[in-house]
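> Can you look at this prediction? I've put the sequence above it.
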Amino acid sequence: MIDLRGRHLISPNDLDLREISSIMSLAQSMQQNLSSYASLCRGKILATLFYEPSTRTKLSFESAMLRMGGNILGFSDASTTAVSKGESIADTIRVLDSYADIVVMRHPKEGAPKLAAQYSRVPLINGGDGGHQHPTQTLTDLLTIHMYLGRTTHLKVAFCGDLKYGRTVHSLIETLARYPGATFYLISPEELRLPPRLKEHLEQHSDCALIECRRMEEALPAVDILYMTRIQKERFFNEADYLRLKNSYVLDSEKLAQAKAGMLVMHPLPRVNEIAYEIDADPRAVYFRQAELGVYARMSLMAHLLGVDGL
Amino acid sequence: MIEVAAIKKGTVIDHIAAGQGLWIFNKLNLGQLGHPVVLLMNVPSKRLGKKDIIKIENYTDVDTAMLGLIGSSITVNIIENEHVVDKVPVFIPDEVRGLFSCGNPRCVTNSDAYVIPLFHLHDARSLAYVCEYCEEITKVAWK
């Protein structure tokens, strides 16, 4: 296990590919032999600071720590904390980091976890900040890809839906672009395209190919992975824009019939209507399994950042 | 033409584009310095046609990062015994802290009073800066 003790994880770029590989490797071992790790974090406390609603990420982190024998504390509604009285993030962290050994923070404001990490004395993990980054979802996605396809190189991946505010897309595409031979099909309405700066970064700093599409059918026959995302109501300032765009892309069996037999349908969840329920039974639909694997990815990450391996 | 006496010691910010002097005066909080300050506006200039000049007596610690963002024509002269003893270069800064706000309304720097916005130069030609926190680009547009 590579030593990541004391480090923060704010962006997937905080980890090099060797470090990601170490996290994947331990996560796979944890998945195969869960009971061996039941006491790994005994005496450790995870603080979950969720300033924005979350189901999967929060519970997945809590499950991950509990499965390693640790404890949890935290909040999931900032209106019940001193934050509602106007407390700054710096003040909150400077107090809470003495209550826990590791912290995960979700915040609607972009850059909030980076700010918090500047004041935290314990490892701080970004659990999603606005439309910016979601690095632990990326670790979850990479683990899913690795377990189903056996590789993370030379992948053809279609990202579909909200590529502008979709933080899971931003984190994953930036990470997959660091592996050789990636081709990305970007399927979105004009208004929800990948942010220009991220696109420019990918073009300048990787060998990936970027292909912009308006229709799913243009990409489906070619890709190894279809990564669907929800059009997120909470990211729009104007409800009329949300209503106009929310049904832009829906994956149904007719469209899926055009995809390769071994293609993966992934989704960070929650879904609304962008994947028809009829798809759930298709063996290519791995999104619920993906959510399950998120627990092992987060267990491995926390074990690395806490510097415990116990084996 | 109005005559203003030379200062013995201090700073002369010269070759300010006409009309920007008052704005710089306010942004640098020169009225709060407690030193004698003169703002000259619409002074005839060979190079600019018309220019503004600011003279600050007994003070040399001027924020050149801000001046670099405003215009490359500006010159900053340090005065001792009524003579220019140093010309401080004014250039577009690689890093800017606290001089402007992030253009991304979802950025934490626009909602948390504790944090000072910090930017890194992305493109000097368009004065585009990347936010340290949200990584969005803000183009500096004065006035």
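Right, received. Where do you want to start?
> buried set for stretch A:199-219?
A:199, A:202, A:206, A:208, A:210, A:216, A:219 (16 or more other C-beta atoms under 10 Å in any protein chain shown). Backbone N, C-alpha and C define where each C-beta goes, glycine included.
> Filter those down to just the ones in strands.
Judged by DSSP state E, the subset of the buried residues of stretch A:199-219 located in strands is A:L210.
> now, among the buried residues of stretch A:199-219, which is nearest to chain B?
A:K199 (12.1 Å; C-beta to the nearest C-beta).
> got the contact list for the closest one?
Shown in contact with A:K199 (C-beta atoms under 8 Å, 6 or more residues apart in numbering or on different chains): A:L210.
> quick one: it from A:V223, how far?
19 Å (C-beta to C-beta, to the nearest Å).
> Quick check: the gap between A:A240 and A:E274.
Distance, A:A240 to A:E274, using C-beta to C-beta: 20 Å.
> now swap in A:I89 and tell me
Counting by C-beta to C-beta, the gap from A:I89 to A:E274 is 32 Å.
> what do you get for B:R125?
For B:R125, the distance to A:E274 under the criterion C-beta to C-beta works out to 40 Å.
> More neighbours: these two, which one.
A:E274 (19 against 6; other C-beta atoms under 10 Å in any protein chain shown).
> Quick check: phi and psi on the nearest residue to the more buried one once chain neighbours are set aside?
For A:E274, ignoring the flanking residues on the chain, the nearest one in space by C-beta to C-beta, 6 or more residues apart in numbering or on different chains is A:M228 at 5.4 Å. Main-chain torsions, A:M228, degrees, to the nearest 10: phi -90, psi 150.
> residue contacts, the spatially most central residue of chain A?
For chain A, A:Q137 is the residue whose C-alpha lies nearest the centre (C-alpha atoms, centre = their mean; 1.6 Å). By C-beta under 8 Å, 6+ apart, the residues touching A:Q137 are A:57, A:128, A:167-168, A:171-172, A:268, A:294.
> Dump those residues into TSV; add pLDDT and distance to B:C131 as well.
Formatted as TSV, the contacts of A:Q137 follow (pLDDT from 0 to 100; distance: C-beta to C-beta, whole Å):
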residue	pLDDT	distance to B:C131
A:T57	94	24
A:G128	96	18
A:R167	92	16
A:T168	95	21
A:S171	94	17
A:L172	97	22
A:P268	95	24
A:G294	98	29
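> Narrow those to those that are buried.
Taking 16+ other C-beta under 10 Å as the criterion, what is buried in these is A:57, A:128, A:167-168, A:171-172, A:268, A:294.
> Next step: those restricted to strands.
Those of these lying in strands (DSSP E): A:G128.
> ok, A:L264 - how many residues close by?
What A:L264 shows, counting by other C-beta under 10 Å, is a neighbour count of 25.
> quick one: the residue lying closest to A:I275 once chain neighbours are set aside and chain B, what's the gap?
Nearest non-adjacent residue to A:I275, counting by C-beta to C-beta, 6+ apart: A:L251, 4.9 Å away. Separation of A:L251 from chain B (C-beta to the nearest C-beta, to the nearest Å): 28 Å.
> Tell me who's in contact with A:L251.
Neighbours of A:L251 in contact, by C-beta under 8 Å, 6+ apart: A:160, A:216, A:226, A:228, A:265, A:274-276, A:279.
> What's the PyMOL syntax to select whichever of those residues are buried?
The command below creates a PyMOL selection of those among the contacts of A:L251 that count as buried (16+ other C-beta under 10 Å):
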select buried, chain A and resi 160+216+226+228+265+274+275+279
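> of all the contacts of A:L251, which comes closest to B:L30?
Set against B:L30, the nearest of those by C-beta to C-beta is A:C160 (54.5 Å).
> List the strands paired with the helix or strand harbouring A:A158, with their directions.
Assigned by DSSP states H and E, A:A158 belongs to strand A:156-160. Next to strand A:156-160 in the sheet, as set by DSSP bridges, lie strand A:183-187 (parallel), strand A:225-228 (parallel).
> From the chain's centroid, how far away is that strand?
For strand A:156-160, the separation from the chain centroid amounts to 15 Å (computed by C-alpha atoms, centre = their mean, to the nearest Å).
> contacts for that strand?
Against strand A:156-160 from outside (C-beta under 8 Å, 6+ apart): A:166, A:169, A:172-173, A:176, A:182-188, A:194, A:213, A:216, A:219-220, A:222-229, A:249, A:251, A:274.
> Just the buried ones out of those residues, please.
Using 16+ other C-beta under 10 Å as the burial test, these include A:166, A:169, A:172-173, A:176, A:182-188, A:194, A:216, A:219-220, A:223-229, A:249, A:251, A:274 as buried.
> And the pLDDT for the residue in chain A that chain B sits nearest to?
Going by C-beta to the nearest C-beta, chain B is nearest to A:G111 of chain A, at 2.6 Å. On pLDDT, A:G111 comes in at 98.
> how about the nearest residue to it, chain neighbours excluded?
In space, A:G111 is closest to B:Y133, 2.6 Å off (C-beta to C-beta, 6+ apart).
> What strand or helix carries that neighbour?
Here B:Y133 is assigned to no helix or strand, by DSSP H and E.
> B:L39 is in contact with B:L22, correct?
Yes: contact criterion C-beta atoms under 8 Å: B:L22 and B:L39 qualify, at 6.5 Å.
> shared neighbours, these two?
B:D52.
> So for the two, which residue has more residues nearby?
Just comparing B:L22 and B:L39: by other C-beta under 10 Å the higher neighbour count belongs to B:L39, 18 against 13.
> hang on, that one in a strand?
Yes: looking at B:L39 with DSSP: H, G, I helix; E, B strand; the rest coil, it is inside a strand.
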